[in-house]
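Q: structure for this input, please:
(3 chains)
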Amino acid sequence: MIDYKQELSQVQYDAVTYCDGPELVIAGAGSGKTRVLTYKIAYLIEHGIPSNRILALTFTNKAAKEMKERIGQLITKELSYRIVMGTFHSIFAKILRYELQRYRGVLPYTEKFTIYDTDDSEATIKNIVKEMCLDPKVYTPGTVLCRISKAKNNMITPDLYPQSSLAYEDKEHHLGSVSDIYKKYRLSLISSNAMDFDDLLLNTWLLFKEHEEIRHRYATHFQYSLVDEYQDTNKIQKEILLQLTKESQMLCAVGDDAQSIYAFRGAVIRNILNYEEDYPGTVIYKLEENYRSTQTVVNAANSVIKKNRRQIFKNLFSNNPVGEKLSLYRGETDRYEARFVIDTIKEQITKDDRTYNDFTVLYRQNWLSRSFEDILRREGIPYKIFGGMSFYQRKEIKDMLAYFRVVVNPSDEQALRRIINYPTRGIGDTTLQKLIDISISSGKTLWDILSHPRIYVSYFSKNTVTKLTDFLHLVQSWQSKTQYDAYTLANMICRESGIIKMYHNSVKDEDHEKYENVEELLAGIKSFVEDHKNDEQPATSLEDYIREVSLLTDADKNDEENTPYVKLMTIHASKGLEFPFVFVVGMDEDVFPCRQSFESPSSLEEERRLFYVAITRTKEQCFLTGADNRFRNGSYSTYEPSSFIADIDSQYIKRVWK
DNA sequence: CTCCTATAGCTTTTT
DNA sequence: GCTATAGGAG
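A: Numbering: from 1, shown residues only, chains lettered A, B, ... in the order given. This next block holds a predicted model:
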């Protein structure tokens, strides 16, 4: 038995043991939020709730994995393993696949659907805009997808869209055709048997709405639900939770309104601010003691966040040592700024016996990492950049994954288009365009056309037909081997597709790197197979691999390297983490806060919360740096110091340059 | 009809 | 600085 009283503070204990109804835990930065969640789940299990009937939704897959491990240490590994825990997207993808397998046709998809990432979605929109002969400069994939995403996050299906306020806004911005694009986009994804990120939520919501018996089954199955990072949930996520907790009302939401930083992705801070309206009778607990940072850091952070208007009152405090003041440095150029950071790191290491692991550089925008990367590399200091161009977004990796996707789900049009002539096999743009035209006019998928040569044979030369059928037979031969494990089949595809050969024979340096990345991917698949070989129901096929990998981000890649290194990441990527020494770099007006955020007061508030998040990652000492001149777009631009620096109460900050 | 090279255009944050 | 597009050569 766990001694909860011993392990938790009073308020943490109260939050953990309250199980009589809806609950909201306002967890200030560093207040032991994860601790409360893990102990609470352990507590529920110890008090008789079967672990497979607990639903726990986290923000990243990594957070879920770590939490499971921690719960496993508290109770038993076997019990923790069965908790239904993961991101909204991964849990609902599983539910959708399960239901699609059970009741064929419950939605216009099969359980083998693939998940489109943003690139795939934008490519689809681009094709549609072209097909509809609209101006691609007006209807850019980014803007259109943003509108569609907004609609989906508000449960607006294509048929409801024309009557929605979104359609009205579109007309004002001369984007009246978005509604039609949305319609076509949805049909295109359905015909590709593909869902984008938002569809995973929308289709779950629709499934529960249109099939009361399914909703009821899940709502009664889950006896208790918990949501982490509730401040970053969006409207449809809240609605799905309402569907799942309608009868039981057993929901524990944990979050911190001061750390809501995903409004750009549809998160509505309203969810946490008005939680009691959705769950009457909610009991609220506030975790206000910060165990992570020094008093100075906590006070400085408080002085920043109090400038924001809309927030839940709380008094974050620390009983840790007072600690050093925040250090402020401003360099003439970004090189001086980087120099300062590296010199400080070196100084601390020699002085205080630190390792590179103790230092983290945080920035608002990915491109800011460059100047630091340059110096770190030149100095031979080990470092690692988190985020930015993720491993899974690299071209060579996406190409390989596209092969896998086509094998599992040949309707996947974006994947098919990607690989049909890569490596080049004599099926060029002209041929592809003709195939697409046939596909559109016949209403069949590209793969349907491809796999029935007699449909298209009259349109092409004999030579082209041979090339098309060769490709068809290649893919079909892999499709007939899906009983093989993922590694064996993936290896076969790499070799037979000519990808490996192409990179291997190339003399270009970057192609060698690509070759190594493909090898790394294969090694990853191998360990995936090893990991799942001994599961109760071994899931080691290529299909299983694709399912898992399409919702993985680089934040989920576990780093088990033993050598210490300096970490570089965006502030967004740092959420939930903590580091002894933090450098918040690029503290320049128009960089942080970024220029776009001045357009509305609410986005400026979000920038300030982001600054708050950055500061509160710090355990010991925080440095804020900026530069008057930065190299960007091939030339230097001048910057003013960030206005956020003035938001910090001056007693907690000191200048460290002459 | 395909492949290679030069040029333009864009960079907030991400499941 | 890097990726999609356009235009020319084979």
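
Q: OK, now which residue of chain A is nearest to DNA strand B?
A: Residue of chain A nearest DNA strand B, by Cβ to the nearest atom of the strand: A:Gly428 (2.3 Å). Backbone N, C-alpha and C define where each C-beta goes, glycine included.

Q: show me the contacts for that residue.
A: Counting by Cβ atoms under 8 Å, 6 or more residues apart in numbering, A:Gly428 touches A:Asn421.

Q: so what does it look like in phi/psi?
A: Backbone torsions for A:Gly428, taken as degrees, to the nearest 10, come to phi -90, psi -170.

Q: next: A:Gly86.
A: As for A:Gly86, its main-chain torsions (degrees, to the nearest 10) stand at phi 170, psi -170.

Q: per-residue confidence at the residue nearest to it when sequence neighbours are not counted?
A: Counting by Cβ to Cβ, 6 or more residues apart in numbering, A:Gly86 lies nearest to A:Ala64, which is 4.7 Å off, once chain neighbours are set aside. Predicted confidence (pLDDT) for A:Ala64: 89.

Q: what's the burial count for A:Ala64?
A: 22 (other Cβ atoms under 10 Å).

Q: hmm, A:Phe88 and it touching each other?
A: No - using Cβ atoms under 8 Å, A:Ala64 is not in contact with A:Phe88, being 10.9 Å away.

Q: helices of the stretch 351-500 of chain A, residue ranges please.
A: Assignment of helices within the stretch 351-500 of chain A using DSSP state H, counting those that start in this stretch yields the ranges A:369-379, A:395-408, A:413-419, A:429-442, A:446-450, A:453-456, A:462-479, A:486-497, A:499-505.

Q: the longest one close to DNA strand C?
A: Looking back up the chat, that one is helix A:462-479. No - Helix A:462-479 stays clear of DNA strand C (Cβ under 7 Å from any atom of the strand), getting no nearer than 13.0 Å.

Q: now do that helix: everything it contacts.
A: Helix A:462-479 has contacts (Cβ under 8 Å, 6+ apart) with A:403, A:406-407, A:410, A:420, A:425-427, A:431, A:450-451, A:453, A:456-457, A:460, A:489, A:492-493, A:496-497.

Q: gap between that helix and the chain center?
A: 36 Å (Cα atoms, centre = their mean, to the nearest Å).

Q: between helix A:395-408 and that helix, find me the angle.
A: 80 degrees (axes from the mean of the first three to the mean of the last three Cα atoms, to 10 degrees).

Q: between helix A:486-497 and helix A:462-479, find me the angle.
A: Angle between the axes of helix A:462-479 and helix A:486-497 is 170 degrees (criterion: the same axes, to 10 degrees).

Q: state the mean pLDDT of helix A:462-479.
A: Mean pLDDT, helix A:462-479: 89.

Q: circling back: filter the contacts of helix A:462-479 down to the buried ones.
A: Among these, those scoring as buried are A:403, A:406-407, A:410, A:420, A:425, A:427, A:431, A:450, A:456, A:460, A:489, A:493, A:497 (criterion: 16 or more other Cβ atoms under 10 Å).

Q: among the residues you listed, which two are most distant?
A: For those, with distances taken as Cβ to Cβ, the pair at the greatest spread is A:Phe460 and A:Leu489 (30.1 Å).

Q: average model confidence for stretch A:429-440?
A: Here the average pLDDT along stretch A:429-440 is 85.

Q: just the buried residues of it, please?
A: Neighbour counts over stretch A:429-440 (16+ other Cβ under 10 Å) mark A:Thr431, A:Leu435, A:Ile436, A:Ile438, A:Ser439 as buried.

Q: now the strands for the stretch 551-658 of chain A?
A: A:566-570, A:579-584, A:618-632, A:635-638, A:653-655 (DSSP state E, counting those that start in this stretch).

Q: partner strands of the first one, parallel or antiparallel?
A: Partners of strand A:566-570 in the sheet, by DSSP bridges, are strand A:359-363 (parallel), strand A:383-385 (parallel).
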